[in-house]
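# Sequence first, then the predicted structure, then my questions.
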Amino acid sequence: MSEARNYLREVETLDNGNVEAAYARWAPIYDLTFDILLKPGRRAAATAASKARGPILDVGVGTGLELPMFAPDTQVIGVDLSEPMLRRAAQRVRRERLDHVAGLVKMDATRMAFPDATFACVVAPYMLTVVPEPQAVLDELARVLRPGGEIVLVNHVSGKDDAIALFEAWLDRHMAPKLGWRPQFPWSIIGDWIDRNPRMRLVERRPLAPFGLFTLTRIKRMSAESKKSEESAPLELALA
Ligand SMILES: C[S@@+](CC[C@H](N)C(=O)[O-])C[C@H]1O[C@@H](n2cnc3c(N)ncnc32)[C@H](O)[C@@H]1O
């Protein structure tokens with residue numbers, strides 16, 4: 001069985017119910033715990049997304065720590081499954097007068113209410129590892145993305161067969177529902193999904209601070225016309 005299929009088979013370790021329960025617990029202390037550690041990834045995602053010409057969707061916006069990092073001339077909509085997290089994002093938008101944030105909505109990333117091809121860019125910082133079905137989320141991100149637009153992901157990607165990977169696998173089996181995320185996340189979840197979707201193309205995969213713990217991934221939705229010429233474009237790939 002492939003690495004990705006094996007990972008997805010263990011999906012029962014996490015479901016939307018325990019993700020919501022976990023983030024209701026995290027919400028009051030989330031910023032205190034995760035603001036600084038995860039800042040470089042948020043900044044990288046917001047910088048990449050701010051180049052888009054058109055509306056940006058932030059999926060799993062959480063308490064909105066990345067919202068001040070988007071360029072002021074963008075238009076950003078944030079969605080999240082957790083009301084307590086979204087409430088904090090709304091407070092941030094008001095407090096910091098983030099006029100580029102056009103809306104914050106409770107929505108499940110696997111079933112969003114937006115029409116096809118709505119957004120010029122979809123960002124999901126630190127989100128893919130917290131969902132039971134990451135490939136179903138990727139399908140949905142691709143659906144709402146305009147041709148020519150990009151999906152920008154930031155998340156931890158597990159190494160192969162080293163001591164840390166074994167520890168992550170153990171944590172994954174025993175702690176995922178309580179934590180509200182999966183410590184183990186093989187690259188093949190994203191890689192296999194791209195391989196299965198011929199209109200999607202990996203344009204960047206780059207390790208981020210601190211210590212290359214997290215990875216920025218940019219995936220472009222090709223438009224039918226651009227596919228041929230862009231297939232030969234060089235890929236920006238910097239692996240840890
Ligand atoms: C680790 S937090 C990341 C928050 C924010 N992007 C950041 O960088 O701090 C993951 C967020 O994804 C949300 N989430 C989990 N599953 C989701 C789903 N199916 N649909 C939408 N949001 C979801 C959680 O509620 C949580 O707020």
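It's in.
# where does Gly149 land in three-state SS?
strand (DSSP: H, G, I helix; E, B strand; the rest coil).
# what about the residue lying closest to it once chain neighbours are set aside, which helix or strand?
Among residues not flanking Gly149 along the chain, Ala120 sits closest, at 4.8 Å (C-beta to C-beta, 6 or more residues apart in numbering). (Each C-beta comes from the backbone N, C-alpha and C, glycine too.) Element membership for Ala120, per DSSP states H and E: strand 119-125.
# Within the sheet, what are the partner strands of that strand, with directions?
Take DSSP bridges as the rule and strand 119-125 pairs in its sheet with strand 56-59 (parallel), strand 145-156 (parallel).
# so Phe78 bridges to which residues?
Quick fix: residue 78 is Gly, not Phe. In this entry, Gly78 is beta-bridged to Asp58, Leu104, by DSSP bridges.
# ok, now Thr215?
Going by DSSP bridges, Thr215 forms beta bridges with Asn155, Pro207.
# wait, it sits on Ala209?
No: between Thr215 and Ala209 there is no contact under C-beta atoms under 8 Å: 11.5 Å.
# So the two - more neighbours on which side?
Set side by side, Thr215 and Ala209 show more neighbours around Thr215, with 23 against 13, by other C-beta atoms under 10 Å.
# tell me the pLDDT at Pro132?
What the model reports for Pro132 is a pLDDT of 87.
# pretty sure it is touching Asn18, no?
No: taking contacts as C-beta under 8 Å, Pro132 lies outside contact range of Asn18: 9.1 Å.
# Any stretches of this protein with poor pLDDT?
Scanning the chain for pLDDT under 70 picks out 1-2, 5-13, 176-181, 225-240.
# circling back to that earlier point, mind listing what's buried along the strand holding Ala120?
Judged by neighbour count (16 or more other C-beta atoms under 10 Å), strand 119-125 contains these buried residues: 119-125.
# now, which of those lie close to the ligand?
Residues of the buried residues of strand 119-125 in contact with the ligand (C-beta under 6 Å from any ligand atom): Pro125.
# Return the residues in contact with the closest residue to Cys121 other than its chain neighbours.
In space, and not counting its chain neighbours, Cys121 is closest to Ala52: 3.6 Å by C-beta to C-beta, 6+ apart. Residues counted as contacts of Ala52 (C-beta atoms under 8 Å, 6 or more residues apart in numbering) are 74, 120-121, 149-150.
# could you redo the last one with a cut-off of 10 Å?
70-71, 74-75, 119-123, 146, 148-150, 152 (C-beta atoms under 10 Å, 6 or more residues apart in numbering).
# And those residues, which is closest to His100?
Thr74 (5.1 Å; C-beta to C-beta).
# how about that closest one, secondary structure?
When classified by three-state DSSP, Thr74 comes out as coil.
# what number of residues lie near the spatially closest residue to it that is not a sequence neighbour?
Distances taken as C-beta to C-beta, 6+ apart put His100 closest to Thr74, at 5.1 Å, once the chain neighbours are dropped. The local packing of His100 (other C-beta under 10 Å) involves 16 other residues.
# so which of the strands paired with strand 119-125 is the most packed in?
Neighbour counts (mean count of other C-beta atoms under 10 Å) averaged over each of these peak at strand 56-59, with a mean of 27.
# Quick check: chain neighbours aside, which residue is closest to whichever residue of the chain sits closest to the ligand?
Nearest to the ligand, among the residues of the chain, is Gly62, at 2.5 Å (C-beta to the nearest ligand atom). Spatial nearest neighbour of Gly62, chain neighbours left out: Met85 (4.8 Å); criterion: C-beta to C-beta, 6+ apart.
# Can you give me every residue that contacts that neighbour?
Counting by C-beta under 10 Å, 6+ apart, Met85 makes contact with 20, 23-24, 26-27, 30, 60-64, 78, 104, 106.
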